[in-house]
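In: Kindly return the folded structure for what I paste below:
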Amino acid sequence: MATMFHSKALDMSAFNARKSAQVIAFLISKSGATSINVLKAIKLVYLGDRCSIEKFGFPILDETRVAMPRGPVNSTTYSHVNGEFDLDACGWSEFLEDRAQHQIGARRAFELDELDELSDADIECLDEVWGRFGHMNQWQLVDYTHDRSNVPEWEDPNGSSKPIPLERIMTLLSIGNADAQAALVEDHRHIDRVFSSLRS
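Out: From the prediction side, this is the model:
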C-alpha cells in the first residue's frame, strides 16, 4: 500500500526530523535492544523535552506538543513515527526503520558521535529521562504522564487533542519570565528558519 504523506499546510522548516529520529535511536540504544515500543518512545521524547526545558530553558525538539487521551505527545515526531511524511527525504530513515506494528527499530547500532544532531545538553537530559523512566513500560508511562500531579500541563482533551503551549509548560516548571523565555525560543526558531531557507 502506498504511503500517504502529510498534506496539511505546515511549516516544517523549523522541525528537524533527523534530530527527532536520533533522539529515538538514542533511546533504543539505551534499552539495549534493536527497537522500542512506539508509545513508550513517544512518552520518553516528551519527557526529554520537558527535562530540557526545566534544566536549560529550551526543548530538545522544536515542534508543537499536544494533549491526547493517553497523555502529552510531541505532535510532529508522532506523525513521523506514523509515516505521515516522506521519511527518506527528511533524513528520518537514515536512523530508524518504518514502524512495524507497535515497535520502531533502529537501522543499526549507532555510536554516540554518529548522533550528531544531539548536543551534550540533549544527551544529558535523555540520559536522565532514561534513568528515571526507562524501566517503565508504555502503559506505566501513560499513567504517569496523564497524572496531572506529575505532568500538570496535560489537560484531558475529551477524546480529541489540544495544544500544550510552551509558556504553560515553562510556567508549571517554575521557569522565570516564562513568556519571555518562550518568546526567546521562538526567536531562535525564526533564526533557524532563515538559515534553513538560505541552505535550500
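In: where along the protein do the helices fall?
Out: Taking DSSP state H as the criterion, the chain carries its helices at 17-31, 38-56, 75-81, 120-133, 138-145, 166-172, 178-199.
In: Over the last one, what's the mean pLDDT, rounded is fine.
Out: Think helix 178-199. The pLDDT scores in helix 178-199 average 57.
In: Then the second one?
Out: The average pLDDT for helix 38-56 rounds to 96.
In: out of the helices of the chain, which comes closest to D156?
Out: With CB to CB, the closest approach to D156 among these belongs to helix 138-145: 12.4 Å. Yep, even glycine has a C-beta here, placed from its N, CA and C like the rest.
In: now for the closest one, which elements pack on it?
Out: If you count contacts as 3 or more CB pairs under 8 Å, 6 or more residues apart in numbering; DSSP states H and E, helix 138-145 packs onto helix 38-56, strand 71-74.
In: Show me the one of these that comes nearest I164.
Out: Comparing those by CB to CB, strand 71-74 comes nearest, at 5.9 Å.
In: Parallel or antiparallel, which strands does that closest one pair with?
Out: If you go by DSSP bridges, strand 71-74 pairs up with strand 65-68 (antiparallel).
In: Would you mind identifying the helix or strand in the chain with the lowest mean pLDDT?
Out: helix 178-199 (a mean of 57; mean pLDDT, DSSP states H and E).
In: sorry, back to before: including distance to E97, could the helices and strands packed on helix 138-145 go into a markdown table?
Out: Listed next are the helices and strands packed on helix 138-145 as a markdown table, based on distance: least, CB to CB, whole Å:
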| stretch | distance to E97 |
| --- | --- |
| helix 38-56 | 12 |
| strand 71-74 | 19 |
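In: how about T145, what does it touch?
Out: Applying CB atoms under 8 Å, 6 or more residues apart in numbering to T145 gives the contacts K43, Y46, L47, R70, G71, P72, V151, W154.
In: Could you report the neighbour count for the closest residue to the third one other than its chain neighbours?
Out: The shortest distance from L47 to any residue other than its chain neighbours is 4.8 Å, reached at V129 (CB to CB, 6 or more residues apart in numbering). Neighbourhood size, V129 [other CB atoms under 10 Å]: 23.
In: Settle this for me: V129 is touching Y46, isn't it.
Out: No - in this structure, V129 is not within contact of Y46 by CB atoms under 8 Å, at 9.4 Å.
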